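K.L.:
The following comprises the amino acid sequence and a computationally predicted model.
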Amino acid sequence: MSTRSVYETVESERELLYDLAERLWETPELGLHEHESAEALATTLREEGFDVETDVAGMPTAFVATYGEGDPTIGILGEYDALPGLSQDVKAERSPIERGGPGHGCGHNLFGTATLGAAVAVKRAIEDGELEGTIRYYGCPAEETLVGKTYMARAGVFDDLDAALTWHPGDLNTPRVGSSNALNSLLFEFEGEAAHAGGSPDSGRSALDAVELTNVGVEFMREHVSDDARLHYSIPNGGDAPNVVPAEASVWYFVRAPTREEVERNTDWLRDIAQGAATMTQTEVSERFLSGCHDYLANGPVTDAIWENMEAVGPIDYDDDDREFARELLETVSESNRESRLEDLPEDVRETVEPHALYPEPVPPFNEDVTSGGSTEVGDVSYIAPTGQFNAATWPVGAPGHSWQVVAANGDFARKGMMFAAKVLAGAAHDLMTDPERLEAARAEFEEATGGEPYETPLPPEAEPPFDMTAE
């Protein structure tokens with residue numbers, strides 16, 4: 001039994017998948033508020049015959065769709081949240097559809113759709129008697145704020161998986177074999193006393209001063225953390241008017257590092273700084289723990305299944321129109337950004353990618369020993385079950401993620417990358433379900449990597465999904 005049947009099923013649903021990806025792209029929604037996107041995906045799976053559980057882990061836009069019974073159980077992870085401020089038409093110039101509105105600057109409309117296409121292909125193979133076992137599609141909201149999978153993991157929805165598969169849009173077709181930073185996401189809220197800033201400033205106590213002193217303290221802290229650690233922040237509330245001493249202000253921090261231990265150590269230091277700032281300004285500080293995640297453990301046998309299918313599916317069939325539009329988009333990206341990206345690539349890729357801007361060939365795994373500066377709650381899943389993920393090319397090489405260029409890339413070449421991803425996921429799931437020895441090897445490597453220790457959530461018991469940290 002070959003993987004060709006699941007590839008063919010994915011291909012037969014090209015029109016459906018293109019339409020679904022377009023529908024999500026046209027209605028971009030921020031994390032924990034992806035109501036239309038989640039409903040579109042869940043409804044499609046329900047109509048296909050999946051049993052769909054909604055409102056998972058206390059999040060209305062999280063869902064789990066299941067088909068089949070018995071072992072093995074393979075999970076495919078989908079995402080569909082957008083980013084704020086990145087509304088953009090499919091044009092090689094900045095052209096917001098809704099000024100200030102959200103946009104799919106990380107390609108999650110493609111992400112959620114490709115994983116659905118793969119799950120449907122595997123479901124039909126089970127239905128036709130070609131495969132035995134259970135396939136699950138996980139509708140994971142709020143990845144951009146590192147929320148969805150962590151809260152789903154705490155709820156135990158991944159606990160019985162034999163393996164998990166996922167992908168992410170990018171500019172290359174390649175397995176992800178390196179790690180990623182663990183993370184804590186915290187909001188510090190300061191409370192002082194309001195006063196007339198001109199008439200009686202002595203009677204006020206500025207919560208904004210406390211926020212600014214916290215940030216100054218962190219700047220001095222940076223010298224004394226590891227080179228790989230990251231601390232960054234935004235100020236959701238900085239007061240309302242210059243002539244009023246702000247009685248309330250807040251600062252939102254991401255604390256990243258290669259291990260949970262270092263994240264916790266740096267978080268404790270950050271808490272001390274925030275408390276010190278409150279003491280200096282005679283204000284009060286409270287903390288909300290919004291989310292956290294683990295680093296990523298790439299599982300070798302699962303990743304091997306992904307790579308074998310990337311090779312089998314072969315290069316993406318770009319045409320001249322695809323390459324021309326990609327070149328036009330890339331011309332809007334700074335030369336330094338393009339050069340920085342090229343320096344990260346294997347030499348053979350770097351030498352051949354220009355001037356086409358698109359690289360259709362699968363690229364063998366590289367950067368195995370590199371820890372990404374970013375974070376993903378796929379890491380939490382990887383501490384629960386053997387997990388593999390990969391990138392597929394849906395934007396030009398050198399275009400930055402989380403940019404309007406990525407939103408604009410939602411044309412034919414991006415959807416071709418989406419179809420490539422769906423076939424690879426379906427093929428990898430097929431191979432895992434038909435090869436008990438591969439699953440046994442994956443489990444053995446997983447047990448060694450985790451030391452046989454059970455997954456521990458980074459979330460404190462009182463943490464709840466932070467619906468208020470993104471606007472509808």
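P.N.:
The structure has been received and is ready for your questions. Bear in mind the structure is a predicted one, so any value in this text is a computation, not a measurement. Numbers count the residues shown, from 1 in each chain.
K.L.:
Make sure I have this right: H232 is in a strand.
P.N.:
Yes. The assignment for H232 by DSSP: H, G, I helix; E, B strand; the rest coil puts it in a strand.
K.L.:
Please list all residues in contact with it.
P.N.:
Residues counted as contacts of H232 (CB atoms under 8 Å, 6 or more residues apart in numbering) are Y253, F254. In this view, the C-beta of every residue, glycine as well, is placed from N, C-alpha and C.
K.L.:
G100 and S87 touch, don't they?
P.N.:
Yes. Counting by CB atoms under 8 Å, S87 is a contact partner of G100 at 7.2 Å.
K.L.:
Which of these two has more residues huddled nearby?
P.N.:
Between G100 and S87, S87 has the larger neighbour count (other CB atoms under 10 Å), namely 21 against 9.
K.L.:
residues in contact with the nearest residue to the more buried one once chain neighbours are set aside?
P.N.:
Sequence neighbours aside, G101 is the residue nearest to S87 in space, at 3.7 Å (criterion: CB to CB, 6 or more residues apart in numbering). Going by CB under 8 Å, 6+ apart, G101 touches P28, G85, S87.
K.L.:
Can you list the low-confidence ranges for the stretch 251-400 of the chain?
P.N.:
354-356 (pLDDT under 70).
K.L.:
Tell me where it has helices.
P.N.:
260-281, 300-313, 320-330, 335-343, 347-352, 378-382 (DSSP state H, counting those that start in this stretch).
K.L.:
ok, P246 touching G192?
P.N.:
Yes. Counting by CB under 8 Å, P246 does reach G192; the two are 7.0 Å apart.
K.L.:
Contacts only, for A163.
P.N.:
P72, I74, G75, N299, V302, A385, P386, T387, G388, L432, L439, A442.
K.L.:
can you give me phi and psi for it?
P.N.:
Per-residue torsions, A163: phi -160, psi 150 (degrees, to the nearest 10).
K.L.:
what do you get for D228?
P.N.:
Torsion angles, degrees, to the nearest 10, at D228: phi -90, psi -10.
K.L.:
any idea how far S382 is from it?
P.N.:
For D228, the distance to S382 equals 19 Å [CB to CB, to the nearest Å].
K.L.:
okay, the two: which has more neighbours?
P.N.:
Here D228 and S382 are set side by side on neighbour count (other CB under 10 Å), and the busier one is S382, at 29 against 14.
K.L.:
Overlap in contacts, P246 and G192.
P.N.:
Contacts common to P246 and G192, judged by CB under 8 Å, 6+ apart, are S206, A207.
K.L.:
So for the two, which residue has more residues nearby?
P.N.:
Neighbour totals were compared for P246 and G192, and P246 leads with 27 against 23 (other CB under 10 Å).
K.L.:
and the residue nearest to that one when sequence neighbours are not counted, what does it touch?
P.N.:
Spatial nearest neighbour of P246, excluding adjacent residues (CB to CB, 6+ apart): G239 at 3.1 Å. Counting by CB under 8 Å, 6+ apart, G239 touches A207, L208, P246, E248, A249.
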